[in-house]
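K.L.:
Just need the structure, nothing else, for what follows:
(2 chains, ligands or ions: 2)
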Amino acid sequence: MTENSERRVVSVIVVNEASVLSRITDLFSGRGYNITSLTVAPIPDSKYSRLTIVTSGSVRVIEQITKQLHKLIPVLKVYEHADLVEKEMALVKFPITENISDINAICEAYNGKIVNVGNDVIITMVADEPKRIDHYLEAIKRYNPKEIVRSGAVALER
Amino acid sequence: MQISGAQMVIEALIAEGVDTVFGYPGGAIMNVYDEIYKQDGFQHILTRHEQAAVHAAEGYSKASGKVGVAMITSGPGFTNAVTGLADAYMDSIPLVVISGQVPMSLIGTDAFQEIDAVGISRPCTKHNYLVTDAADLARVLKEAFYIAASGRPGPVHVDIPKDVTAQIAEFDYSKPVEIETYKPNVVGNPRQIKKAIEAIANSKRPLFYLGGGIINSNAAYEVRELVKKTGIPAVETFMARGTLAHDDELLISMLGMHGSYAANMAMSETDMVIALGARFDDRVTGKLSEFAKNAGVIHVDIDPASISKLVNADFPIVGDVKNVVAQMLEKCGEINPDNYESWRETINNFDELHPLTFHEDTDRIKPQWVVKRVGELLGDSANISTDVGQHQMWAAQFYPFSRPRQWISSGGLGTMGFGFPAAIGVKAAAPEKISINITGDGSILMNIQELMTAVEKKLPVINIILNNNYLGMVRQWQTLFYDKRHSETDLSVQPDFVKVSEAFGGIGYRVTTKEEFDIALKESVAKNVVSIIDVVVERLENVMPMVPAGGSLFNMMLLEKKEK
Ligand SMILES: Cc1ncc(C[n+]2csc(CCOP(=O)(O)OP(=O)(O)O)c2C)c(N)n1
Ligand SMILES: [Mg+2]
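P.N.:
Ligands and ions are numbered 1, 2, ... in the order given. I've put the predicted structure just below:
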């Protein structure tokens, strides 16, 4: 296909029940759609969960994704976000021997801080837009991060 | 009422008005079969293979319009049934398929005959359930029937562990179905319909593109009226055969890969496609970028995901075709049939140029002749099921269909082995009609064991083998596109089909002349027992015309012209 591929965030509200997550991921793999990241957690005080899926595809593919998601029986709502607030978290483990005040300063620039200090390592946490998380991970490269974990994006329509 | 899970299954089926269940027992489903033994609310038809049970349920559903029901055991019973589920899913056939599962305590332990059934059926069902508590069974089964039949129909699979069928719990089937997340839209948006009607009235060469959704929603008679009132010509998909009567002047023919020249040319020349319950399948459209290139598109479908999936719809209308067509009928006075006089003439000229026909130029019987002859002899009195291959395309091209639900064939999945068990289900659903299975020498062997079911249950299906000693459709592609390298498609070695049928208690005929064929068919109808008519036909006949895969509808390979 020559159509342009775009990054898109889709939120899906589903009934909390057995195998609902496989229904969603099977749909993506079965129809050849991409998943860049996927997060899921129950919506407080309800029988629903919310999934945030970062995907990519042409306009036609994205339209199909939302329609096919909607066809799944336990899916209540599908939002294809246009104007949204999007955040992602990253935890990073550094050797304690690195320059901690530098690391702390960088974390603060990305809404984060040091969240754990051990004998050998420190752990930092930042939460920001996924693009800025990319930048952050670039910036901390020279402090020899030992382990990095990204949470995947969550999003809310403005 | 406090009853066992197994009893609940029986009660639910009876409450749903099920009169026939197709199935095959085994360990995990035995509690339910024990209750089947005790009841007389419905008949159970024991097929001789689980795949056949599901195909029979499909045939039953397609002929009757009701939800088809099949029952199987866990493990191999279930995996045998998967082809049927996939077939029903592709052709939007409403089924409820109930399988046994190992007891809950054994799930996940690789127990005997354990398989992750709902994991396997997920991509080939509309929905599925693993029932973990008998207290849920009433709700689940009621939802299953509702989901199968509503919206875009499809198969629903319910997997029930053995201990759940033994568990005693409260059963109340009277509660209405309430699925907050599933509310199919059935009525078309009136403003969209108004706009669509205006667009039709302003078009010069409109064309109805009739799809299988019309049959599913029982809308054929409304569609016949709409076609008649508007004077707009119509093409049918393979799945829609029987929507219009074969002698309807506005019916051009079937379109697509083996559609008629006139149907495909009409689709290429139209300026307004009116798609009703059709899904722009690749076997219909050919090369997408060239499909109905200069036309606006009105697309009516119950499934929003079908709309603008492949071809962009200028006028999308989500709704049940039956409702939308009724809404269109109210408004169609704006459309003047006289405006399309020259368009109809153009199409008639296409048809005269390259009519859908065949040449009787060999000693052997032509397969197309057999189909036509069955039509002449049986016409409306028969329901026609088929297997998959050349014979299937000839049946679709040449049978004179007169009504919806007369045509039962595996379109989306193209499942060899579908025809015979489907025809058994068709006979069970419509005993007053003759049930014909037009089949091939390859396909019939894929569910030949169903001779036993047909004999035992006195379901006298007539199997007509168009015997070309080839996997003919594959052989045709090899001839045309693989330089005649007929790799593994020669079926010269064959059983004696007459003896096979007789061995099971049926009757059989080997036919080499037209006279013999007439006698064999008439006797089969009269004798009212399952039959195989093995017709020796021309071996190298090709299905024509043909749009090569990926080609454009207007670039067809055509039947050679012959001087008479
Ligand atoms: C289960 C299955 N396996 C393979 C195919 C591929 N296939 C399509 S048509 C065909 C040949 C069918 O031969 P036959 O039943 O003799 O029909 P004919 O084309 O000769 O009329 C084959 C192998 C299929 N459709 N289904
Ligand atoms: Mg053959």
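
K.L.:
all contacts plus neighbour counts: C-alpha atoms, from now on.
P.N.:
Fine.

K.L.:
ok, B:Lys562 - how many residues close by?
P.N.:
B:Lys562: 8 surrounding residues under other CA atoms under 10 Å in any protein chain shown.

K.L.:
what do you get for A:Ala41?
P.N.:
Neighbours around A:Ala41, by other CA under 10 Å: 11.

K.L.:
where exactly do the helices run in the stretch 401-550 of chain B?
P.N.:
B:419-429, B:450-456, B:472-481, B:497-504, B:514-527 (DSSP state H, counting those that start in this stretch).

K.L.:
Same list (those helices) but as a markdown table, adding mean pLDDT and distance to B:Glu360.
P.N.:
Formatted as a markdown table, these follow (pLDDT from 0 to 100; distance: least, CA to CA, whole Å):
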| stretch | mean pLDDT | distance to B:Glu360 |
| --- | --- | --- |
| helix B:419-429 | 98 | 27 |
| helix B:450-456 | 98 | 33 |
| helix B:472-481 | 98 | 18 |
| helix B:497-504 | 98 | 26 |
| helix B:514-527 | 98 | 12 |
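
K.L.:
among the ones you listed, which is nearest B:Lys561?
P.N.:
helix B:472-481 (18.2 Å; CA to CA).

K.L.:
Relative to A:Ala127, how far out is A:Leu38?
P.N.:
Distance, A:Leu38 to A:Ala127, by CA to CA, to the nearest Å: 16 Å.

K.L.:
quick one on the thing from earlier: for the helices of the stretch 401-550 of chain B, which one ends up most surrounded?
P.N.:
helix B:419-429 (a mean of 32; mean count of other CA atoms under 10 Å in any protein chain shown).

K.L.:
Determine how far that helix lies from the middle of the whole chain.
P.N.:
Put simply, helix B:419-429 sits 12 Å off its chain's centre (CA atoms, centre = their mean, to the nearest Å).

K.L.:
With stretch B:226-233 instead?
P.N.:
Taking mean C-alpha positions (CA atoms, centre = their mean), stretch B:226-233 and its chain are 26 Å apart.

K.L.:
Which strands or helices does the one helix or strand A:Ile133 maps to pack on?
P.N.:
Here A:Ile133, judged by DSSP states H and E, is contained in helix A:130-139. The contact analysis (3 or more CA pairs under 8 Å, 6 or more residues apart in numbering or on different chains; DSSP states H and E) places helix A:130-139 against strand A:84-95, helix A:100-109.

K.L.:
Quick one: closest of those to B:Gly333.
P.N.:
Per CA to CA, nearest to B:Gly333 of those: strand A:84-95, 47.2 Å.

K.L.:
Please parse chain B into its domains.
P.N.:
Split into domains by automatic domain parsing, chain B comes to B:2-170, B:190-353, B:367-536.

K.L.:
and the first one, is it in reach of ligand 1?
P.N.:
Think domain B:2-170. No: Domain B:2-170 does not reach ligand 1 (CA under 6 Å from any ligand atom); its nearest approach is 8.6 Å.

K.L.:
Just the endpoints, please. Distance across that domain?
P.N.:
Terminal-residue distance, domain B:2-170 (CA to CA): 5 Å.
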